[in-house]
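[1] Build me a structure from this.
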Amino acid sequence: MVLIVKVISVAGVKEEDTIGKNDLYVKLSTDGKTWQQTQVMRNAGKSAVFQNEVFQFDVLANSSAKLHVEVYDKDPVKDDLLGKDTVALNNVAASEEDVVVTLKKHVIHRHAGNVNLRVSYV
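    Okay, here's the model as predicted:
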């Protein structure tokens, strides 16, 4: 099966840059090893709306597949991880489904914003 993930938006992330605004991008993976990422939204700040950011992943049918989602602020030296979470895909229907990923940060899993996705299988 092929999993289709469309990144719609990011909202409510913390501003990490002391000068300027966050340059946001989203990374996605189904195995935690191979990652795909959106374009960087320059000077986005705390939120961004993405256009035409659609990704495909090969997943096994009836598996316990998970989607790893991470949001970063692009910086010249080292990118800042703003938040991440993992979503179980076993409840996603074959038709399109909107999924809100609640990002977490640090060991205490503090809320760090949301990523809005549209997910389906083909």
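
[2] remind me which residues of the chain are low pLDDT?
    For the chain, the stretches flagged by pLDDT under 70 are 61-63, 93-94, 107-109.

[3] what about the strands in it?
    2-11, 24-29, 36-37, 48-49, 54-58, 66-73, 80-88, 97-105, 110-121 (DSSP state E).

[4] which secondary structure elements does the last one contact?
    Using 3 or more CB pairs under 8 Å, 6 or more residues apart in numbering; DSSP states H and E as the contact criterion, the neighbours of strand 110-121 among helices and strands are strand 2-11, strand 66-73, strand 80-88, strand 97-105. Heads up, the C-betas are built off the backbone N, CA and C, glycines and all.

[5] Which other helices and strands does the first one contact?
    Strand 2-11 sits against strand 24-29, strand 48-49, strand 54-58, strand 66-73, strand 110-121, with contacts defined as 3+ CB pairs under 8 Å, 6+ apart.

[6] mind giving me a markdown table with those strands and columns for mean neighbour count and distance to residue 3?
    As requested, these are arranged in a markdown table below (neighbours: other CB atoms under 10 Å; distance: least, CB to CB, whole Å):
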| stretch | mean neighbour count | distance to residue 3 |
| --- | --- | --- |
| strand 24-29 | 22 | 10 |
| strand 48-49 | 19 | 22 |
| strand 54-58 | 14 | 4 |
| strand 66-73 | 21 | 8 |
| strand 110-121 | 17 | 6 |
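
[7] Using CSV, lay out those together with distance to residue 102.
    Output for these, formatted as CSV (distance: least, CB to CB, whole Å):
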stretch, distance to residue 102
strand 24-29, 14
strand 48-49, 17
strand 54-58, 20
strand 66-73, 10
strand 110-121, 6
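
[8] Need the phi and psi values for the residue lying farthest from the centre of the chain.
    Going by CA atoms, centre = their mean, the residue of the chain most distant from its centre is residue 19, 24.4 Å out. Torsion angles at residue 19 (phi, psi; degrees, to the nearest 10) stand at phi -120, psi 120.

[9] Much appreciated, bye for now.
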